[in-house]
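S.K.: sharing a model that was predicted from the sequence below.
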Number of protein chains: 2
Amino acid sequence: MSHPPTPVPPPALDPAQLALGDMDVEAFRRHGHAVVEQVARYLESVAERPPLARLRPGSLVAALPPHPPAEPEALETILDDVDRLVVPALTHWTHPRFFAYFSSSASGPGILGEWVAAALNSNAMLWRTAPAATELEQVATGWLGELMGLPASWAGHINDTASVSTLVALAAAREAAGLRIGEEGLAGRPELPRLTVYGSTETHSSVAKAVVTLGLGRAGYRAVACDAAFRMDPAALAEAIAEDQALGRRPLAVVATVGTTSTASVDPVAEIARICADAGLWLHIDAAYGGALAVAPEHRHLLRGTEAADSLVVNPHKGLFVPLDCSVLFVRDPARLRRAFSLVPPYLRASAGDAPAAAGASSIGDLMDTGIALGRRFRALKLWMVMRYFGADGLAARIRAQVALAARVAGFVDSRPGWERMAPASMAVVCFRHHPAGCDDEERLDAHNRAILERLDAGGVVFCSSTELRGRFVLRVAVGQLRTGPADVDRLLLELERAASEDPAA
Amino acid sequence: MSHPPTPVPPPALDPAQLALGDMDVEAFRRHGHAVVEQVARYLESVAERPPLARLRPGSLVAALPPHPPAEPEALETILDDVDRLVVPALTHWTHPRFFAYFSSSASGPGILGEWVAAALNSNAMLWRTAPAATELEQVATGWLGELMGLPASWAGHINDTASVSTLVALAAAREAAGLRIGEEGLAGRPELPRLTVYGSTETHSSVAKAVVTLGLGRAGYRAVACDAAFRMDPAALAEAIAEDQALGRRPLAVVATVGTTSTASVDPVAEIARICADAGLWLHIDAAYGGALAVAPEHRHLLRGTEAADSLVVNPHKGLFVPLDCSVLFVRDPARLRRAFSLVPPYLRASAGDAPAAAGASSIGDLMDTGIALGRRFRALKLWMVMRYFGADGLAARIRAQVALAARVAGFVDSRPGWERMAPASMAVVCFRHHPAGCDDEERLDAHNRAILERLDAGGVVFCSSTELRGRFVLRVAVGQLRTGPADVDRLLLELERAASEDPAA
């Protein structure tokens, strides 16, 4: 059947308009070199800035025009505004005295990898739309798995964040339960039991968010108790599973963590794996932070037991010097991801003959089939470049240095009067508080340590974060920034002493 | 309580090891300038490459070492490998004769915005962790909404892709149903009905994927019929809703599309909105592609009716010259996103006093609360830079040029004997096939047009894609690459004629 021509007459082809196009390549060259210098100046001077932004909420909004410009603006003007307005309104994740959360180090080779990827703008939804990005993702995640000592048969898949990697893993777990959930869904099926996913009281909040997104509800997530060192208690897990089974619920999956967010504690994975095997549950390992440590051979034991898991997430953008975002989901059996996610519409069907499976390269599938996002940036490039630039030994040495620097913080806390460690030091994370002799009122200690943190924030020299352990306010230092050296740690310790002594509440 | 010191003695601080750190800034400068030149050479020469990669699956994997290097490699070596091995294995999304799928143009200012963002490495999970990124996201999405003519009260939130934006919107819709799904989940609740989301037979597959992810199952997604111009039939929608209600199912949401993936058709949004209002359904607009057109005032009518919607997604990485990834989800009421997603753990609680709400800037929340991913790149920067560099008028002129170029393709198809248009031309998309006089065997026509596409692919001059309309194989051209000019379209038409005449099956 033939359609009538477009109802509106096509606009005339105005040559001036058609010639508009993109910034020309000579201008790109000029501006690109200016950006290199601007970025280099930023990297050179970031240590002189306060790591935590100091501005009133809404300041940047107020400083910018409320409406977009009608006319083009010069790139020089825009880059000036970046320096003048944007950079001062940043909390500097590349600052050598960024000790908050988990750091994300944008290393030189990582930044440059991102630069090349942005220009290539490859979209790895199908193999044919991005063979290089698809195959490099297989190579780079394979290398990473080898560096971490993961089983060689596992397949890696890059997502933006661990939140999404975990969501994808638990979606696969849900599908693997054999309840035809992908086909029939969960609602309005009286024959279905309630489904439960287990973590611990120290598990990252993204797991509960994934459970909610998947339609299991906050009630479908159970946080089992931890031992005194903030590790999931396997007996409590077994009990929770038995309890749910007795109530007619269907236990689905357990998320065990290697490097929890508060204290970097490590769940007893081998014991948990046995419980999962007995009960037929999917075991997902959240090694978003801790997995990177395993690249240093002496820390590889941290992943002991994970070889029995079904999936594992590690974030190279946390511990492996790759800029945001880059989260690798490893799975024992990628077919289980595809079962949860593959839906191929006609406009994405490749023409005959070029499908990898048809050509015998069955291990290289279309990456859109193993995750949620259809469009996929070329994230493998920066990961591959970082591994090559530093080399396995160089990565291990840098990880080792961070652990050593964190041990220096732990040593300070353990040896100086008035300071108290609140959790075993693990990996490169130390949780502690100031506890002046004679002051044993917990509320007052909370207020005192809150005041210390506020002083640190206001001081503009170091940025730490805090957490809550057993209901108490705790200071938390994580060493993870590639630019952090011993002098930065010494400065942190000095600032801690100063802030503690200056709080009148003490 | 005090914890014992770390069980393992801390490693000695080896000064040589601690000094390893990052690539030094002088080296970064040198390598950065080299990357500028390498990228400029790529942009200058991309038109000479075949747009669609021509290699056997697995070739790049085979060309790379199976194991990561132990020792560091020189960045020059790595960048040489990018040129020598990676670039030739790419399908070039920045190619001026990329007419497949929907193009994603990495414009000069967009690439440079990504470069700055990669170096700053800001993580906009909380306002305090990235005030500039959080506030610039509000400003940039506000500007974009204004350019598209959206209600000024709507709030924008950036995700990686439309797949995720739609998932987030439908999660909010699920929560807004008032069934306590966030709390209780969907499974094992006999009181809950089956829930249904509606699209059309032309709706993007990411909607079905989102429905499956949310636990509604493929059965929870209904694709209603379209009219002859591939627009959702409102009568069929009303009927499907009534049918489901009669069966005791609970209709939840409708996804209407402005610019479908196959033909860029536009669903009758105003009529669909009335049906949604009557039935109390959430209306989500998939304007991932089409929304960008509305930046040109003469195309703004495309969004007519969407002001009655609850949410709308537009991808600046599709039609607005921003590199992957950047998808903006607009919502009428961001509190409904927060209700679906907010879960704040203790390690992310800000210290007292600095929460935006406390400081009176209630419109600037923490971005982690309105989506799935916790970690969030500074995507607003490139969007803001692109809008400033081109200006509103410049964006509109470029969009106009693309529509005019597509009209040239439609004019060719409509006027040349042997070619047949298979759908109304819409926006910058044309669907057609070669239909030699006298050949009316549909199977043969399918095979003939498949052969034409294979010839185009093998020719290495243009890259088109295909789709299926009413069961027939159809060639599809989408003009959307900023570097595409009239000569590229003329070359496309020449290649089409050549491929059609050379297929012996015709």
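M.R.: Now that the structure is in, tell me what you want to look at.
S.K.: mean confidence score for stretch A:65-82?
M.R.: Regarding stretch A:65-82, the rounded mean pLDDT is 97.
S.K.: surely residue A:116 is in a strand?
M.R.: No. Going by DSSP: H, G, I helix; E, B strand; the rest coil, the assignment for residue A:116 is helix, not a strand.
S.K.: residue contacts, it?
M.R.: Neighbouring residues of residue A:116 by C-beta atoms under 8 Å, 6 or more residues apart in numbering or on different chains: A:381, B:35, B:38, B:39, B:79, B:82. Where you see a C-beta, it was placed from the backbone N, CA and C, and this is true even at glycine.
S.K.: separation between it and residue B:78?
M.R.: Distance of residue A:116 to residue B:78, given as C-beta to C-beta, to the nearest Å: 10 Å.
S.K.: with residue A:465 instead?
M.R.: Separation of residue A:465 from residue B:78 (C-beta to C-beta): 34 Å.
S.K.: more neighbours: these two, which one.
M.R.: Legend: neighbour count by other C-beta atoms under 10 Å in any protein chain shown for residue A:465 and residue B:78, higher for residue A:465 (26 against 22).
S.K.: any idea which element the residue in the stretch 301-450 of chain A positioned nearest to chain B lies in?
M.R.: Of all residues in the stretch 301-450 of chain A, residue A:407 sits closest to chain B, at 3.0 Å by C-beta to the nearest C-beta. Using DSSP states H and E, residue A:407 sits in helix A:380-415.
S.K.: next, the buried residues of that helix.
M.R.: A:380-392, A:394-414 (16 or more other C-beta atoms under 10 Å in any protein chain shown).
S.K.: how about the helices in the stretch 251-400 of chain A?
M.R.: Secondary structure of the stretch 251-400 of chain A, counting by DSSP state H, counting those that start in this stretch: helices at A:269-279, A:290-293, A:316-319, A:334-341, A:380-415.
S.K.: looking at those helices, which is nearest to residue B:422?
M.R.: Closest to residue B:422 of the helices of the stretch 251-400 of chain A, according to C-beta to C-beta: helix A:334-341, at 29.9 Å.
S.K.: next, see if the closest one gets close to chain B.
M.R.: Yes. Helix A:334-341 lies within reach of chain B by C-beta under 8 Å from any C-beta of the partner chain, at A:340, A:341.
S.K.: in that helix, which residues are buried?
M.R.: A:334, A:336, A:337, A:338, A:340, A:341.
S.K.: care to break chain A down by domain?
M.R.: A:25-92, A:112-388 (automatic domain parsing).
S.K.: residue A:343 - how many residues pack around it?
M.R.: 17.
S.K.: wait, is residue A:166 part of a strand?
M.R.: No. Judged by three-state DSSP, residue A:166 forms no part of a strand; its state is helix.
S.K.: tell me the contacts of the residue nearest to it when sequence neighbours are not counted?
M.R.: Spatial nearest neighbour of residue A:166, chain neighbours left out: residue A:210 (5.0 Å); criterion: C-beta to C-beta, 6 or more residues apart in numbering or on different chains. Contact partners of residue A:210, counting by C-beta under 8 Å, 6+ apart, are A:163, A:166, A:167, A:170, B:372.
S.K.: nearest residue to the first one other than its sequence neighbours?
M.R.: Read it as residue A:163. residue A:206 (4.0 Å).
S.K.: same check, this time on the fourth one
M.R.: Setting aside the residues directly before and after it, residue A:170 is nearest to residue A:210 in space (C-beta to C-beta, 6+ apart), at 5.1 Å.
S.K.: quick check: which element contains that neighbour?
M.R.: Going by DSSP H and E, residue A:210 is in helix A:205-213.
S.K.: about what we covered before: tabulate the contacts of residue A:116 (JSON lines), appending secondary structure and distance to residue A:279.
M.R.: Formatted as JSON lines, those follow (DSSP: H, G, I helix; E, B strand; the rest coil; distance: C-beta to C-beta, whole Å):
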{"residue": "A:381", "secondary structure": "helix", "distance to residue A:279": "41"}
{"residue": "B:35", "secondary structure": "helix", "distance to residue A:279": "51"}
{"residue": "B:38", "secondary structure": "helix", "distance to residue A:279": "54"}
{"residue": "B:39", "secondary structure": "helix", "distance to residue A:279": "53"}
{"residue": "B:79", "secondary structure": "helix", "distance to residue A:279": "50"}
{"residue": "B:82", "secondary structure": "helix", "distance to residue A:279": "47"}
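S.K.: between the residues you listed, which is nearest residue B:223?
M.R.: residue A:381 (36.9 Å).
S.K.: need the per-residue pLDDT for the closest one.
M.R.: 98.
S.K.: all strands of the stretch 201-350 of chain A, in order?
M.R.: A:221-224, A:250-257, A:282-286, A:311-314, A:327-331 (DSSP state E, counting those that start in this stretch).
S.K.: highest average neighbour count across the ones you listed?
M.R.: Highest mean neighbour count of the strands of the stretch 201-350 of chain A: strand A:311-314, a mean of 30 (counted as mean count of other C-beta atoms under 10 Å in any protein chain shown).
S.K.: could you list every helix and strand that it packs against?
M.R.: helix A:162-176, strand A:282-286, helix A:290-293, strand A:327-331 (3 or more C-beta pairs under 8 Å, 6 or more residues apart in numbering or on different chains; DSSP states H and E).
S.K.: report the distance from that strand to the chain centre.
M.R.: 11 Å (C-alpha atoms, centre = their mean, to the nearest Å).
S.K.: and what of stretch A:99-111?
M.R.: For stretch A:99-111, the distance to the chain centre is 11 Å (C-alpha atoms, centre = their mean).
S.K.: for it, how far is the first residue from the last?
M.R.: 21 Å (C-alpha to C-alpha, to the nearest Å).
S.K.: repeat for stretch A:369-376
M.R.: Termini of stretch A:369-376 sit 11 Å apart (C-alpha to C-alpha).
S.K.: next, see if it gets close to chain B.
M.R.: Yes. Counting by C-beta under 8 Å from any C-beta, chain B has neighbours in stretch A:369-376: A:372, A:373, A:374, A:375, A:376.
S.K.: so which of these wins on neighbours?
M.R.: Ranked by neighbours (other C-beta under 10 Å), the residues of stretch A:369-376 next to chain B are led by residue A:376, which has 29 neighbours.
S.K.: does the closest residue to that one other than its chain neighbours sit in a helix, a strand or a coil?
M.R.: Distances taken as C-beta to C-beta, 6+ apart put residue A:124 closest to residue A:376, at 4.3 Å, once the chain neighbours are dropped. With three-state DSSP as the basis, residue A:124 sits in coil.
S.K.: what's the neighbour count on residue A:124?
M.R.: 26.
S.K.: mind checking how far it is from residue B:204?
M.R.: 18 Å.
S.K.: low-confidence stretches in chain A?
M.R.: In the predicted model of chain A, residues A:1-19, A:344-364, A:505-506 satisfy pLDDT under 70.
S.K.: check contacts around residue A:323.
M.R.: Per C-beta under 8 Å, 6+ apart, neighbours of residue A:323: A:104, A:105, A:106, A:107, A:110, A:111, A:114, A:317, A:382, B:118, B:119, B:121.
S.K.: could I get these as CSV with distance to residue B:62?
M.R.: Below are those laid out as CSV (distance: C-beta to C-beta, whole Å):
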residue, distance to residue B:62
A:104, 33
A:105, 32
A:106, 31
A:107, 28
A:110, 26
A:111, 29
A:114, 26
A:317, 28
A:382, 22
B:118, 30
B:119, 34
B:121, 34
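S.K.: which of those residues are buried, as a PyMOL select command?
M.R.: A single PyMOL command selects the buried members of these (16+ other C-beta under 10 Å):
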select buried, (chain A and resi 104+105+106+107+110+111+114+317+382) or (chain B and resi 118+119+121)
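S.K.: of all the contacts of residue A:323, which comes closest to residue A:131?
M.R.: residue A:382 (18.3 Å).
S.K.: the stretch 351-500 of chain A: strands as residue ranges?
M.R.: Under DSSP E, counting those that start in this stretch, the stretch 351-500 of chain A gives strands at A:419-421, A:429-434, A:465-469, A:472-478.
S.K.: thanks a lot, see you next time.
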